[in-house]
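Novice: predicted model, plus sequence, below.
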Amino acid sequence: MKKIFTYLILSLAVFSCSNNDKDETVKVEDKYQTKNVVLLVVDGPRISETWEASDKGNVPNRVSLLSQGVFISNFKNNGTTNTNPGHSAMCSGVYENIKNNGTELPGYPSVMQQWLKSTGADKTKAWVIASKDKLEVLNDCKLADWKGKFQPSVDCGVSGNGSGYRDDLVTMTKTKDVMQKYSPNIIVINLKDVDSYGHANNWNEYIKAIKTTDASIKELWDYIQSLPAYRDKTTLIVSNDHGRHIDAKGGFAEHGDDCTGCRHIEFFAMGPDFKKNAIISTGDYEQIDIASTIAELLRIPMQFGKGKVIKDAFK
């Protein structure tokens, strides 16, 4: 009888431990609802023409979508305020002054590469889709043991690095096609028209492009919610590689220094794990924090990133 009693006690203990382990596993797995992350980079708008415009008239869709998301009002690029270095910082979590013409790889692996290595997923599950051909370099890095490995798929420019830029409308169409065909878990998108019209010193087209990209953000979010593979389990992050000079530093046509206009950029995000209708004005969040935040949402270690997780954005 004593042996039977002891056996029952041990059995209950094992059952209890087993249940506790199971509960803990469920808790870890359910920490975040996000299964996919889309990073949409609007290339080169000045914050004074987007979120800080007096009536926010150029970004009505973002203003409306804020009820579903979070905006950080003092987000910064504290590295080199050019296209390739800015995109590289968001993807790798490391500021580097890499060449801006597509002839130099980032020094460190991107969150896409690290996710592909960590999960063993096929390369079609991570993408770089860019209007600027030179951003094809984001699919690789110079670091030994990573160069040429774990590379995400790419669709950049007319037909790859060196082929020239393409219109944002093409990039939006390509993005939808890729999402429909492959259902990737990570997508980095570049829309270049704002920057291109800025460099052309064409104010009217620059403003028009800001409004068009604002509409594209809503279009993409609506498309995400229309697909079963993405609906209610996808985080969309909208940011910029850089801003533009303030008027006293040469106006909106150029960028590339440490002026307030070049450094002050956007962070707007929506997803199942983020706050809603929230504006964050505290903290010192910056461009390299995006990679760490994506890694956190997708539950992988960020081996080389120097940024921090943007915890204030989370529920």
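Specialist: On my side now, so go ahead.
Novice: got the CA positions of the strand or helix carrying residue 295 in CSV?
Specialist: If you go by DSSP states H and E, residue 295 is part of helix 289-297. The C-alpha trace of helix 289-297 is given here as CSV (Å, rounded to 0.1, in the frame of the first residue of the first chain):
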residue,chain,number,x,y,z
ASP,A,289,16.8,50.0,-33.0
ILE,A,290,14.6,48.8,-35.9
ALA,A,291,16.7,45.6,-36.5
SER,A,292,16.7,44.7,-32.8
THR,A,293,12.9,45.2,-32.7
ILE,A,294,12.3,43.0,-35.7
ALA,A,295,14.5,40.3,-34.2
GLU,A,296,12.6,40.5,-31.0
LEU,A,297,9.2,40.1,-32.7
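Novice: who are the packing partners of that helix?
Specialist: Helix 289-297 is packed against strand 36-42, helix 83-92, helix 111-119, strand 234-239, with contacts defined by 3 or more C-beta pairs under 8 Å, 6 or more residues apart in numbering; DSSP states H and E. C-betas here are computed from N, CA, C, even on glycine.
Novice: any idea which of these is most buried?
Specialist: Each of those was scored by mean neighbour count; the highest is helix 83-92, a mean of 28, by mean count of other C-beta atoms under 10 Å.
Novice: which non-adjacent residue is nearest residue 301?
Specialist: Nearest residue to residue 301, sequence neighbours excluded (C-beta to C-beta, 6 or more residues apart in numbering): residue 295, at 6.9 Å.
Novice: dump the residue contacts of that neighbour.
Specialist: 93, 111, 114-115, 301-302, 305 (C-beta atoms under 8 Å, 6 or more residues apart in numbering).
Novice: quick check, central residue of the chain?
Specialist: Residue closest to the mean C-alpha point of the chain, counted by C-alpha atoms, centre = their mean, is residue 39 at 2.7 Å.
Novice: for that one, list the residues it contacts.
Specialist: Residue 39 touches 90-91, 186-189, 237, 239, 290, 294, counting by C-beta under 8 Å, 6+ apart.
Novice: equivalent analysis for residue 286, please.
Specialist: By C-beta under 8 Å, 6+ apart, residue 286 lies in contact with 75-78, 307.
Novice: among the residues you listed, name the ones in strands.
Specialist: If you go by DSSP state E, the contacts of residue 286 have nothing in strands.
Novice: just the buried residues out of these, in ChimeraX syntax.
Specialist: Buried subset of the contacts of residue 286, written as a ChimeraX selection, criterion 16 or more other C-beta atoms under 10 Å:
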select :75,76,77,307
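Novice: assess the claim that residue 221 and residue 271 are in contact.
Specialist: No: the pair residue 221 / residue 271 is not scored as a contact, 10.1 Å apart, by C-beta atoms under 8 Å.
Novice: have a look at those two and say which one is more surrounded.
Specialist: residue 271 (27 against 21; other C-beta atoms under 10 Å).
Novice: name the nearest residue to the more buried one, sequence neighbours excluded.
Specialist: residue 235 (2.9 Å).
Novice: could you do residue 292 as well?
Specialist: Nearest residue to residue 292 in three dimensions, chain neighbours excluded: residue 307, at 4.2 Å (C-beta to C-beta, 6+ apart).
Novice: and what of residue 310?
Specialist: residue 293 (4.7 Å).
Novice: follow-up on the earlier one: reformat the helices and strands packed on helix 289-297 into JSON lines and put mean pLDDT and distance to residue 173 next to each item.
Specialist: What follows is the helices and strands packed on helix 289-297, written out as JSON lines (pLDDT from 0 to 100; distance: least, C-beta to C-beta, whole Å):
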{"stretch": "strand 36-42", "mean pLDDT": "99", "distance to residue 173": "15"}
{"stretch": "helix 83-92", "mean pLDDT": "98", "distance to residue 173": "21"}
{"stretch": "helix 111-119", "mean pLDDT": "98", "distance to residue 173": "21"}
{"stretch": "strand 234-239", "mean pLDDT": "98", "distance to residue 173": "18"}
